[in-house]
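following is a predicted model, sequence given first.
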Amino acid sequence: MSKSSQPAVVELKGLTRSFEQGGVRIDVLRGIDLSVGSGEIVALLGPSGSGKSTMLQAVGLLEGGFGGRIAIAGEEASQMPADERTRLRRNYLGFVYQFHHLLPDFNATENVVLPQLVKGTPRPDAEERARSLLTSLGLQERMDHRPSQLSGGEQQRVAVARALANRPHLVLADEPTGNLDEATSDRVLAQFLELVRGEGSAALVATHNERLAAKMDRVVRLHDGMLE
Ligand SMILES: Nc1ncnc2c1ncn2[C@@H]1O[C@H](COP(=O)(O)OP(=O)(O)OP(=O)(O)O)[C@@H](O)[C@H]1O
């Protein structure tokens, strides 16, 4: 439920997605209803293959082919043209993936600056924001390093800073610590949650890890294409 009178950051109604594989139809999502309130951090739990990434792709407005309704910050997005979806994505959403997807030829600061420049933020402001986020994540000594010069945990923290750079209302995170060892994963997740809370963003975090899910505000479980 929403913590405020603002519209839910994301509202899914009857979300469906099917794939054809070798002439066989697989109904991966079979009618998902979900509402994530402003500032709420929700864990999306489910075993491998249950459809967590597919659900995040729907909310991220990255692909078509979904049935049902997807509203982002009160705007119905499922039938929007591509340029309108891009606008919603830029204005409201941030993304963290299991693998960092940082640009290899740019240092940590530039990786966090670039999405802000794309959105039209003046460079000095973007650089200040990047430095502030990277410092909050304990990376003040690593700002000039390229991704290949960073550890896996450091790379993921830069990816977290990049996701938050444009002050998204909602961060979509797909197994954000899935490729890290347990101790590093715990540390990076704790920092991620602290930063997201501090920024007042909401988050939808896909994981198959019950222990990590328990650290979030609410847990929803994907089973047989539906939320339990
Ligand atoms: N483009 C596609 N074409 C055909 N089938 C697909 C496609 N994308 C996903 N699927 C199928 O949909 C199901 C759900 O996949 P998805 O990646 O969403 O699961 P997941 O819960 O994120 O799994 P994991 O935890 O392993 O990442 C799987 O059976 C997968 O094979």
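It's in.

going forward, measure contacts between C-alpha atoms and count neighbours the same way
Fine.

how about the residues of the protein by the ligand?
Phe19, Gln21, Val28, Gly46, Pro47, Ser48, Gly49, Ser50, Gly51, Lys52, Ser53, Thr54 (CA under 6 Å from any ligand atom).

which among the residues you listed count as buried?
Among the residues of the chain next to the ligand, those classed as buried by 16 or more other CA atoms under 10 Å are Val28, Gly46, Ser50, Gly51, Lys52, Ser53, Thr54.

so who does the second one touch?
When contacts are counted by CA atoms under 8 Å, 6 or more residues apart in numbering, Gly46 touches Lys52, Ala206, Thr207, His208, Arg221, Leu222, His223.

again, but for Met226
Applying CA under 8 Å, 6+ apart, the residues contacting Met226 are Leu29, Arg30, Gly31, Ile32.

and the strands in the chain, which stretches?
Here the chain has its strands, by DSSP state E, at 10-21, 24-36, 41-45, 67-72, 75-76, 93-96, 170-174, 202-207, 218-223, 226-227.

need these in JSON lines (columns: mean pLDDT).
As requested, the strands of the chain are exported to JSON lines (pLDDT from 0 to 100):
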{"stretch": "strand 10-21", "mean pLDDT": "95"}
{"stretch": "strand 24-36", "mean pLDDT": "95"}
{"stretch": "strand 41-45", "mean pLDDT": "97"}
{"stretch": "strand 67-72", "mean pLDDT": "95"}
{"stretch": "strand 75-76", "mean pLDDT": "93"}
{"stretch": "strand 93-96", "mean pLDDT": "95"}
{"stretch": "strand 170-174", "mean pLDDT": "96"}
{"stretch": "strand 202-207", "mean pLDDT": "96"}
{"stretch": "strand 218-223", "mean pLDDT": "96"}
{"stretch": "strand 226-227", "mean pLDDT": "94"}
